[in-house]
Each structure stands twice: as C-alpha cells, then as structure tokens.
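In: Please find the sequence and the predicted model below.
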Amino acid sequence: MTRALPWRLPRWRRSLLVSLVGLVLVLVQPDPQAQISLRADIPTGTLGTVGSDTLAGLMLRWGEQLTHRYPGVRLQLQASGSASAPPALTAGTTRLGPMSRPMTDEEREAFMARRGYPPLEVEVARDALVVVVHRHHPLEALSLDALDAIFSRTRRCGAEHAIERWEQLGLDVPTRRIELHGRNLASGSYGLFRQRALCDGQYRRRLNEHPGSAAVVAAVSESLDAIGYAGLNHLTPGIKALALVESGGTAHTPDAESVRQGAYPLGRSLYLYLNLPPDEALPAPERAFLDLVLSPQGQRTVTELGFVALPEETLSRQRRELGLSP
Amino acid sequence: MIKPLSAAPSTRSPRRHLLDRLATGLIVAGGIGVILAVLAIGAFLAIEVVPALFSGALSQAQITLSLSPLAWGTLKAAFWALVFAVPMALGAAIHSSVYMSPRLRSRVKPTLELMEALPGVVIGFVAGLVLAPWVERHLTGAFALLLVMPLGILMAGGVWRLMSPALRQRLPLAWAGLWLVPWLGMLGLASLELAPWLEAWLFAGDLRGWLDTELGIDYASRNALIVGLAMGFAVMPSVYALAEDALSGVPSSLGEGAQAMGATRWQTLWKVVLPAAAPGVFAAVMIGAGRAVGETMIVLMVSGNAAVMSLSPLEGMRSMAAGIAIELPEAVPGSDSYQLLILAALLLFLFTFLVNTLAEVVRSRLRRRYRRLGDVS
Amino acid sequence: MSLAAVTGFRTWQPRGEGPWAWLAAGSVALSLLLLAGLLTLIAVRGLGHFWPASVSLVELDDGQVFAGRAVRELPLPAADGAGGARERLYFTGNRDLDGHVWQWVAVARITASELPRELVVLERSRHGDFIGRLVEVVTAGQQGTSVGEGGRGGGDGGGTATWTTLQERLSAVDALRAERDELQQRVIPPLVRRLENDPGDRATQRRLAETNERIRGLQESMQTDAAVLESVDGRRIVLTLDEVLRSWRPNAMSLPEKLGAWGRGVGRFLSEGPRAANTAGGVWPAIFGTVLMVMLMSLLVAPFGVLAAVYLNEVAHQGRLTNWVRIAVRNLAGVPSIVYGVFGLGVFVYGIGGSIDEWFFSDELPSPTFGTGGLLWASLTLALLTLPVVIVATEEGLVRIPDHQREGALALGATRLEMLTRVVLPMAVPAMLTGMILAVARAAGEVAPLMLVGVAKLAPQVPMDGEFPFLHLERKFMHLGYHVYDTAFHGDDIQAAMPVVYATALLLVLVVVVLNLTAIFLRHYVRARHGALSRH
C-alpha cells in the first residue's frame, strides 16, 4: 500500500522522488579517499590533524608542499590549541596531533589507558615564546623575577612584590597600570609560559586570554601599556621583543642561535604526535608527511616562517628512528 | 482546526480514505518527531550534567569557582549591551511608530531588519580589531562622542524651533531620522577634532592617566563598554522590531482620543500609548536580553576573555558562550571541564528559554488586550 | 494605521514636541549612521585591498633607502617627540632579504619620497612579495647574456624593454604552470585510485610514470628562465621565473590599467584557494563550503520544518498542550547558537558519529570517519538551529489562510490530505520560502556552532569532487565566517591578514544581505497577496 503514494504523483514528481532517494543513497556512501592506500609506495589519502595553532601556519605550508609532491595526499587542519590534540588522538578523532609543548603525564596516561601503547612523538621544529611590548615602549630587557611578578598572582618564582604598574620597573613612562595579554587555556603557549615563567603558579585574573597569538600581537601593538607573550614567528615591527635576564645577570635575546642551543629560557620544541600501534608500520600518507617535514626542504620552511630549524643531529637521529631514508 | 466530517461521504473511495489516514499518521509522527528532536536539546544537556551534579563529581566549590566569573561576565556584557541597545531601540521605535513619515518608515524598517542579519563575526572583528584600538588612541574623542551625540540631537531640536516656518517645513520632524544623519556625522567629526584640545585643557593631555590617578579607574583596551557597543549594535534591531510592532499595534482610537483633547503627540505617547504597549516593550527588551546573553562571537573577539569580576565598565570580562566556544573542542568528553562547560551551556539554555517564554506569554496577553480594546472602540 | 498619518497636520504647528521627541528621532539617525559607517568601512577596506597601490621610494635622514607601499599612519606617542609628530607604516616586502615585510618610519625622518616608474612588484610563491628594480632577464638559450638592461638610475627606455621580455617569459611560464596543474589535479588522481584498486595494473603504472615524467619535464622548463632583481638599496637576487606568480609596475600603470588589475584581483579572490597560510590568495573553498553547507541544511530543514508546522497548525488538537509546544518551539529560535553547537558536538559527533564509526568503519579506527566534526554534522546542527525559524514562518503562512478555503475544499469532498496538498500548502508556499530564506541567512552568518562541529582552518579539498560518491559528508569544510575569525586571530601576520579579513567580511555581508533582501521582498509579496485574500 505504501506504493500508492508515488503512483498518484504526476510523472515529474515521481522522478523527483526517485532521484531524491538516489541522492540519499549516494550521500551515505563513505569516502574511498579516507581509506589508507593499499600500496605503501604511492601515498594517497587525507591526513586529518587537530592541535596547536602555533604550528598551524607551518602545517599549512607543509600540507601545500605535500600535495605538490604527492597529488593524492591532502591535509586537513583544525587548529584550536595544543590541548585539543591529546583528547583527539585518544578519542581517535585524528591521526596526527601537532603540539607546541610535550604531552603531559596525565595526557600520556589517558592515551595509554585507552590504546594500550604510548603515542609516537616526533620533534619537528624549535620555537620560543617571546615577551613583547609596544614598539615605542622604553623597556628593552626584563628579569625573569619581574616577569613572574607582572604575570602571576602567586609569585612562585620568588619575587617579593607584585608589579602592577610600569613605574614600578623604574621606567620613565606615564604612570599606568600594566595591561596583560596572553593565550587561552587550551594553547600550548599558556601552559609553557605558566610552567617556565610563572614556576607553575597562577596567572593574574586580569590576563586577557586571546584565542590566537595574532590577537595578542594585535593588542600589544596598539597599546603602550600592554605586555604579552607570543610565538617567535608572530613578531612584527609593530612590537618589540624583550631580552630576558636570568637571576645570574645573563641576558638572552630571543634569536635563532640561542633558541637552537636551548639557552633562551622560554624556548620550546614543537612536536607531532601520532597514534601508531607499536607493531604496525607507518601508513603511507603519514610516512610521506614526516619524510617531508624532516627533510631539508621541510626545515627550510620552518626557517622561512620564523621558527628555528632542528639541529642536524636531531634530524638524522629522528629519521633513523622512524625508518626514513637518511 | 477544522476536521473532515467523521462520516465519510460516499464519494470517497476507500483507497483515498486510507491514504488520508496514512498521510495524517505520517504528519503526526513526523511533526511530533521533529518537535521532540528540537526539544531534545534541553534534555541532552540535562542528562549530561545532572548525574554529575548529584553524584558529587562536580563539587559546589568547583562550580562556584569556575562558573561565577563566567556568569558575571555574561551578565555584565549583556547589561552594557542593553544600556546601549534599549534607549536607541526604543527611541527609534517611538519615532518610527509615531512621528516618522510612512514613506520613510517603509524604507527604514527593512534597513534595520538588515542590520539584525549582520553576522556577529563581522561585527566582532570590526569592534575587536578596529574599534577597540581606535578608542584606545582616541579615548577623549570617544567619550566626547558619547556626550555630544545626545546633546547634538537636542541642539538640533532647539535650532529647529528657532528656524523660519518655511525652513521648518523643508526639514519636518517626520523626516528627522534622515536629515539628522549628516548633522550628527558633522558633529562627530568636529568633536573628534576638538577632543585633543579638550584633553589637553581638562586632563593635562592624558585622560587615561587622569582616570587612573584621580578616580582610580583602570582602563583596559578590551572592555565592557566596547563589548556593549558592539553587542548593542547587534541586539538593537531585534528590540526595535518587536517594540515597534507593540507600539504601532496599539489601537489608534486610544491615541486619537487623547489628541482630540489637546495632548501633543509626545504626551499622547507617554500617557496613553506607551502604558498600553508596555508589556510588548518589556517583551522586546527581554528578547534582546536573551540574545545578548547568548551572543558568542562578539564577546569572544572583543572582550579579551579576562576572567575578572569587576563592576567597572572599563574592564574586560569573559562570558559563558565565549568560554564554551574556546574551551569545549579541547575538553575530553566526561572530564570535569567538559561537564562544567556543558553545565554552562545548560544555564544559558535555561536562562534564554525562560526569558523568551516570559516574553512570549506577555506578548500573547498583550495581543488579547489589543483585540479587546479594539472591540470597545 | 500609524498615528503619524492621522495627525500629520500638526507638523507645521509652532508648538514643538519637546526634547524627548528629538532624542527619539536622533536614535533613528544614529543607528542609520552607525550602520552606514560599518558598511562603508568594510566595503572601502575590503575592495581597496585589490587596488594596485603606488610604491614610493623613500629616503631617510640617515641615508637609508627603501621602497614600499604606505599602509597606515599614526600619531607618535607623546613621549617620543613633540605633539603632532606622526609615524607611517610601509609594506616593504623582500622577506628573504630583510627578514620582515613591514617598516615603521617616523614621518619627520623622511627626507625624500618619490614614485619612480621603474619599480616592480613581484608576487612570489615563496617569501611573499618582492619590491625593487628589474635588472635583467636571463633565458635558457642565452645563458649569461642580458636581454635588456633595466638600469638603476636609468630612464624608462631600457627598463621597458626588459619589462616586456619579463612579461613574455612569464606568460610562457604561466602556460606551462597551467598544464602542470592540469596534469596534477585531473590526470594523476584517477590513475592513483585505479592503482589502489588494482595494484598490478601495468598500463596504469606506465601511464602514471609517464605523467610524472611529463610533470618533471614541465617543471624543469619552467625553471630555465630567471630574472635578476635588485632591491632599491642595491642587493641583488636571482629568481627563477616559476616562482613568480604575477608582476606589475604600479607607478607606471594608468588608471584603466589599475582598474583592470583591480577587477582581475577581485576575480582571483573569488575563484582561487588561499595561499601563504591564508594571508594571500582567495577564498573559493570557503565560498564553496558555505554554500554547500547551507544547501544541505536547506534540504534537511525544509521538509521537516513544513511537516512540523503542518502538524502543529492543521492536524494537532488545538488545546493548551499544543499552545505550549508552539511557544516552546518559538522560544528555541532565541536559544543561543552555541548551545546548539554543544548539542551537535555531544549528540551528533560524539554520539551518533562515534557509533557509526564503530559499526561501519571499525577497520578505519582509530582514525575517525564520522566521529569527528564534518559537513554532515554541521549541516544537521544548523538545520536544528533554523528549524524553529522555518516552523514559525510556515505556521504564520498557514494561519493567514482563511478557514473558508479549507471548509470549501472539504465540502467538495476532499480528504484532509487532498485539502492540504491542493489548497493549503500551495497557498502557504511564499511563507515557507520566506522562512527558508531567513533560515539560510541565519545559517550563513552563524559561526559559533561550527567551531564545535566541523569547520576547518584549511580544507584544500572541497567536500565535493569528481570522485565517487561525489559528495563527501564526513569531510571538514571551510566557511566564510570562520575564515574571518581564524584569519584575524590565528594568522601569522595580522597586519598582512587584515585586508583579506575585510574582503572576506564584505563577501559574507553581501551574501547575507542579498538573502535577507529576498526574504523581505517575498514577505512583502505574501502579505500583499494574503491581504487581498482575506478580504473575500
């Protein structure tokens, strides 16, 4: 009896109905491209990534180059912060997780608990968090104690007094309250800055938490009262990077060499995490991607975008470990 | 509604009858299904959160600590949005329902409706990355603008009274919505030009320093005033549309009676029309509040997301909607932060749902009242 | 009937209406002013992005020389100099030479600024723009021989000759590039897929190898020519022409030429994909993603919205309960969109999507197919978000249909189904359309829920292509609104991204405004028509 309905319809409506049903059938078909290539030497497929927005620009460029090398491989990027990578890897909503900090123990444990093996960690570049002020600000260098006293309400690093106003630093500036700009909770920069600059203390509540580094830079470059932190690659002439002075008195400017050697106090490594069962070989798209990233071309892109390339020995060690041709 | 006669006339074949039954059944099932799906939102949020609340997985202290700044920020942002939106929207509604020429009104109404459709992300971008830095550089100018605009409008009214009748007919009040635009634009530019001198004269060239030292007020570049302005801009059209409907829905006999007894139009409006339409206007404001509370992108892009709880309109805030948008994609399902964010979503849902229900009930009462008043005349 | 019409004769009376009436009038004027201001700002900045602006050669008081495009000017903070001093931002390009592309200069330090005609701007595939002088073009045949001398202080003569050669060479390279892209995008993917299905297929393997060889050949012939370039302060670089995407001499362009370049710029913006981490190139994938998502959403929301409205208005018993349901549905239109996003993430992505993956794509796990945000979930979430709009609008249309129309149909012996399909629904079509368009307009501008259920920063692969099944519902997609947010907040260089953001915002506003205008027009039409009907 259910057939009665189409019968009563005029011809064009019937054909419309049939085509609609056909469309629905077509729609629920899965995408064959999502399947990993059967042959290991011709990588095809879509690489979904969820994670750090610091690495987003780099991942985009690598993705462009990857597609250029292997027309069958694409990269999809969701950049919402490093903290989004471990849950996505654990829940299996992604295969690649770029992170601007190493996984914490809890994140690693959560992954182990669900999967039974640890995630694969690959260092892909070095970076640093740079403390920035407005380009016309008289400040040139800042001690780590003062940095903590400015950003933290707990002052775990040992500063005696909170610094809330610029004149407390002995500067000849209009007497103003310091305006704090930083990143949101989910970003790797938030965690790293808290760990290194705040000695795991608590941020001040007045910290403006921006959802992207570009927004921090935009805010700082428009205001003489502002101080903030952002990734090395976000430096523009609108802002000025401060040198950081250790308690011993040595000052570190955030340049490529001091970051590569690990002398700059807020330096960090950028990682890619993979969900790879230990007994399995690297699937072809991932393999092609890592091969590109750890190649001279990939590392050139790192430098082009304002990050710091990995030292030669780290590169070759990782290529060996991953079984890539040296 | 009308129902087909239960005793089917003999002309209906059994097949048609069956088909009809079938279709009716389908519509009922489909309709109820769709409505249930829509209503499932509340149920889903409750199911996700309530067990955690009762099992004690989320402690009272945890909830208070993490949600109170967000709740405060949400209300603060909504409050300042309404401070900007309500006077503007009500003023515009009054003007367009009482004074405005019908020809202009038929143009202005759709224009303001278009304003309602402007995506929040566009308004947020302009307010956050263009307006906020601009205001920071031209603080005096911005405050001067806030002051000059109402004064300038009043001045226009004063000047208008002194004008010759011929000129007054050229620039009637019915078209004031249009011819005041260039006047206000000029005034705005002039006050921006004069602001630096004013600042030098009154505040020794540094208004922010003056605010800080004299009043102890801290100025954050991402602050509630700018959020309020941007969100007020987004909310104003919907308040306007509803308030205008309420005002122009008042039976004209009421106003005519008052005017026949010699009241001016403003007196008529204030003493007769507005009281009659008050519930509708109230409903409009409530719906505006609902929108302001839930608006996400504007607060996210403009407010700076600092979790401070301060009363000062010159400091920032973080709202629940923005918090959800930034943090939820990163939260592990089932974790504390995930459940807290879902709880925030539930609160948002309940708040807007209640506010809107209230407004809807008030409006339907009002509609009945108008019908009654209309019958009397 | 508005009071204004009734009492219009009072306007000429000497007695004023008092200050409040003027404030009311002022608020109309103020909101129009704000709206006009916002739209003008977006339009001017968004469209100005494509204008080939002049490049000035600037000399500073310390002898430093640079070439750049003036971007903005700000007053210097009072501490740095006398009041009234200003500084100017120049876009100088040449990231490979200078390490940066912007330069702030105090206006007082500029001793000379001119617009030499021979300055060239090259858009490159790496390192962004180059600004400087063209020295010579070196071609394969004449290795080392200069084809024309552009000269530094030189007049226009030699420069123009070199410039012409460069243009000829570049158009040759463009043709090669087009051929290569064609091969890479159209020829290779089907071959790869065929090999995936049948790895032993010799013919296909041979064709793949041949195509790869041809691509390599094309690539090589693109790299034979090179341009020798010199920055204005005298540093030279050699650039193979395959790296040059476009070139122009802004100072030598006439107004019609600039207009032409502007038009082509707009065209490229609409048709190309983003480049350089979304700060350059176009927004085609975002336009496509937005439109596709909205279309899918309409397919979902239209039948269900109408079904629910018909049920509420025509079938359900009109009691207290129905009334409450109606109010509840109406109120859901006012529930914040982010709440719908939370629902979509929890129910569609984690709930339904996760289950689908476990049942049908378990061999794919842990990499998810439907268990992550994607086109389908985004469309479903937005469909749910806009359902109340469609239900309310359709119901409004149904209520306006006079009862005697239904009575007439029934009296003539129609069943309820016939009454609905032949009489009631056709009359309600314009109302349904209005509802649909309003829904579409709301969905097109909505960003917050998408951040939770499946929009991507860059999805170079649009969710629809020539591969079976043509439409890939589980893929992520780009969206105009999210593009605005993402480029403005997550980009590398905010200053470089601003014009793109403005242009994208303008595009989004245009889309939404056009949709809304259609809805307003349709509603007008509905009211006019049904106004006429109810008079019967």
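Out: Looks like it arrived, so ask away. Numbers count the residues shown, from 1 in each chain, chains lettered A, B, ... in the order given.

In: Find the nearest non-adjacent residue to residue C:221, please.
Out: In space, and not counting its chain neighbours, residue C:221 is closest to residue C:176: 6.1 Å by C-beta to C-beta, 6 or more residues apart in numbering or on different chains. C-beta: built from backbone N, CA, C; applies to glycine.

In: where does the one you found sit relative to chain A, distance-wise?
Out: Between residue C:176 and chain A the distance is 15 Å, computed by C-beta to the nearest C-beta, to the nearest Å.

In: How many residues are close by that residue?
Out: Neighbours of residue C:176 under the rule other C-beta atoms under 10 Å in any protein chain shown: 19.

In: which strands and helices sit next to whatever helix or strand it lives in?
Out: Residue C:176 is part of helix C:156-182 when elements are defined by DSSP states H and E. Applying 3 or more C-beta pairs under 8 Å, 6 or more residues apart in numbering or on different chains; DSSP states H and E, we find helix C:156-182 packed against strand C:129-138, helix C:202-222, strand C:244-248.

In: pLDDT below threshold where in the stretch 201-326 of chain A?
Out: Residues of the stretch 201-326 of chain A that meet the criterion pLDDT under 70 lie in A:326.

In: whoops, the stretch 1-150 of chain A was the one
Out: A:1-44, A:71-72, A:79-80.

In: do the stretch 401-536 of chain C as well
Out: Ranges of the stretch 401-536 of chain C meeting pLDDT under 70: C:456-472, C:474, C:526-536.

In: show me what contacts the residue of it found nearest chain B?
Out: Nearest residue of the stretch 401-536 of chain C to chain B (C-beta to the nearest C-beta) works out as residue C:445 at 3.1 Å. When contacts are counted by C-beta atoms under 8 Å, 6 or more residues apart in numbering or on different chains, residue C:445 touches B:117, B:118, B:119, B:120, B:121, B:122, C:481, C:508, C:512.

In: separation between it and residue C:46?
Out: Distance from residue C:445 to residue C:46, counting by C-beta to C-beta, to the nearest Å: 16 Å.

In: Find the one among the helices and strands packed on helix C:156-182 with the highest mean neighbour count.
Out: Across those, the average number of neighbours (mean count of other C-beta atoms under 10 Å in any protein chain shown) peaks for strand C:129-138, which reaches a mean of 23.

In: Tell me the strands beside that strand, with direction?
Out: strand C:120-124 (antiparallel), strand C:226-230 (antiparallel) (DSSP bridges).

In: would you turn those into JSON lines with distance to residue C:355 and mean neighbour count?
Out: As requested, the strands paired with strand C:129-138 are arranged in JSON lines below (distance: least, C-beta to C-beta, whole Å; neighbours: other C-beta atoms under 10 Å in any protein chain shown):
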{"stretch": "strand C:120-124", "distance to residue C:355": "48", "mean neighbour count": "21"}
{"stretch": "strand C:226-230", "distance to residue C:355": "58", "mean neighbour count": "21"}
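
In: excluding its backbone neighbours, what's nearest the residue of the stretch 1-150 of chain B at minimum distance from chain A?
Out: Of all residues in the stretch 1-150 of chain B, residue B:133 sits closest to chain A, at 3.6 Å by C-beta to the nearest C-beta. Excluding its sequence neighbours, the residue lying closest to residue B:133 (C-beta to C-beta, 6+ apart) is residue A:222, at 3.6 Å.

In: That neighbour contacts residue B:130, doesn't it?
Out: No. Counting by C-beta atoms under 8 Å, residue A:222 stays clear of residue B:130, with 10.1 Å between them.

In: between these two, who's got more neighbours?
Out: Between residue A:222 and residue B:130, residue A:222 has the larger neighbour count (other C-beta under 10 Å), namely 19 against 16.

In: From residue A:264, how far out is residue C:321?
Out: Counting by C-beta to C-beta, the gap from residue C:321 to residue A:264 is 68 Å.

In: Please disregard the earlier target; I meant residue A:230.
Out: Counting by C-beta to C-beta - residue A:230 and residue A:264 are separated by 14 Å.

In: what do you get for residue C:446?
Out: To residue A:264, residue C:446 is 43 Å away according to C-beta to C-beta.
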